[in-house]
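1. with the input below, show me the fold.
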Amino acid sequence: MYLVWVREPGHLHAYLTRVQASTLTFPEIISKLPQIGVRGLYRGSIPAILGQFSSHGLRTGIFEASRLLLVNVAPNLPDIQVQSIASFCSTFLGTAVRIPCEVLKQRLQAGLFDNVGEAIVGTWNQDGLKGFFRGTGATLFREVPFYVAGMGLYAESKKLAQHLLERELEPWETIAVGALSGGLAAVVTTPFDVMKTRMMTAPGGRPLSMSMVAISIVRHEGLLGLFKGAVPRFFWIAPLGAMNFAGYELARKAMERNEEQKAMSSG
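-> Alright, predicted model coming up:
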C-alpha cells in the first residue's frame with residue numbers, strides 16, 4: 001500500500017518560498033506581507049498542481065511495482081525495509097518528472113515572474129532546457145529522505161507509543177503521531193529545501209552547485225540559515241502528515257478486514 005503525501009499549493013508554501021529565497025530576517029519578511037497581498041501568496045498554483053498530478057500518478061505505480069518485486073525476490077525482508085526501498089525508488093523517479101513544474105512554481109512564488117508564460121520564456125532565455133532542471137540534486141536530497149524518513153518515523157513512533165501505552169492507539173493518537181512524524185521529517189530535510197529554493201530562484205546564466213549554495217548560506221547567514229523556514233515548514237507539513245497517516249491506517253485496516261473475510265469465506 002502506498003502512502004501519498006498531498007501538498008496543497010496554498011499561501012503558506014508561497015510564504016515559505018519567500019522566506020527561504022530571501023536573505024532577510026524573519027521579522028523583515030513578516031513586515032513585507034502586506035505588500036505581497038493575497039494574490040501574491042497564491043502565485044505558482046498552476047505549475048504546483050500540474051506537478052503534483054503527474055508525479056503522484058507515476059510514484060504510485062512505481063511504488064506498487066517495486067514493493068511486489070521486493071516481496072517476490074526477497075520474501076524475508078522486514079516490512080519496513082520493503083516500504084523504505086519502494087519509497088526510495090518511487091520518490092526518486094516521481095520527483096524527477098516534477099522538477100520543471102517545481103522550478104516554475106518557485107520562481108513565480110519568489111516574485112521573479114508575473115505569470116506562467118513569462119516564467120517559461122524567461123527561464124528558457126536565461127538557461128535553456130537545463131534551466132528547468134535547476135536544483136534537481138537538492139530536490140532529490142530533500143524528497144527521498146523526507147518520504148523514507150516520514151514513513152520510518154511514523155512506523156517506529158507508533159510502535160513506541162503502543163509499547164508505552166500497552167494498547168492499540170486511539171484514532172486521535174494515531175493522528176498525533178502522524179502529525180509529529182511528518183513535521184519532524186520536514187524539519188530534518190529543511191536544509192535541502194532551502195538549497196533547492198535558492199538554486200531554483202537564483203539568477204540564470206551561471207553554474208550553481210549544492211556545495212556553492214550551502215557554503216554561501218553558512219558564510220553569510222550562519223548554520224541557522226540552512227534551517228530558514230523550518231517552523232512554517234513544520235506547521236505546513238504536520239497537518240498533512242496527520243491526514244495522510246490517518247488515511248493510511250483506514251486503508252490498511254480496510255484491506256486487513258477484506259483479507260480476513262476472504263479467508264473466512266474460503267475456509
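
2. wait, what's in contact with residue 93?
-> Applying Cβ atoms under 8 Å, 6 or more residues apart in numbering to residue 93 gives the contacts 58-59, 62. (C-beta placed from N, C-alpha, C; glycine too.)

3. buried ones among these?
-> For the contacts of residue 93, a burial check counting by 16 or more other Cβ atoms under 10 Å picks out 58-59, 62.

4. in helices only, show me those residues.
-> 58-59, 62 (DSSP state H).

5. between the residues you listed, which is closest to residue 142?
-> Nearest to residue 142 out of these is residue 59 (Cβ to Cβ; 14.9 Å).

6. name the nearest residue to the closest one, ignoring sequence neighbours.
-> residue 94 (3.1 Å; Cβ to Cβ, 6 or more residues apart in numbering).

7. sorry, back to before: I'd like the ones in helices among the buried ones among the contacts of residue 93 as TSV, with distance to residue 229 appended.
-> What follows is these, written out as TSV (distance: Cβ to Cβ, whole Å):
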residue	distance to residue 229
58	27
59	24
62	29
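
8. what ranges does this structure have for its helices?
-> Ranges of helices in the chain, per DSSP H, are 11-21, 26-31, 33-41, 45-73, 79-96, 99-109, 116-127, 136-165, 171-188, 190-201, 210-221, 230-266.

9. save those helices as TSV, and put in mean pLDDT too.
-> Formatted as TSV, those follow (pLDDT from 0 to 100):
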stretch	mean pLDDT
helix 11-21	57
helix 26-31	57
helix 33-41	53
helix 45-73	70
helix 79-96	76
helix 99-109	82
helix 116-127	86
helix 136-165	79
helix 171-188	85
helix 190-201	87
helix 210-221	89
helix 230-266	76
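
10. which residues touch residue 188?
-> Contacts of residue 188 (Cβ under 8 Å, 6+ apart): 145-146, 149.
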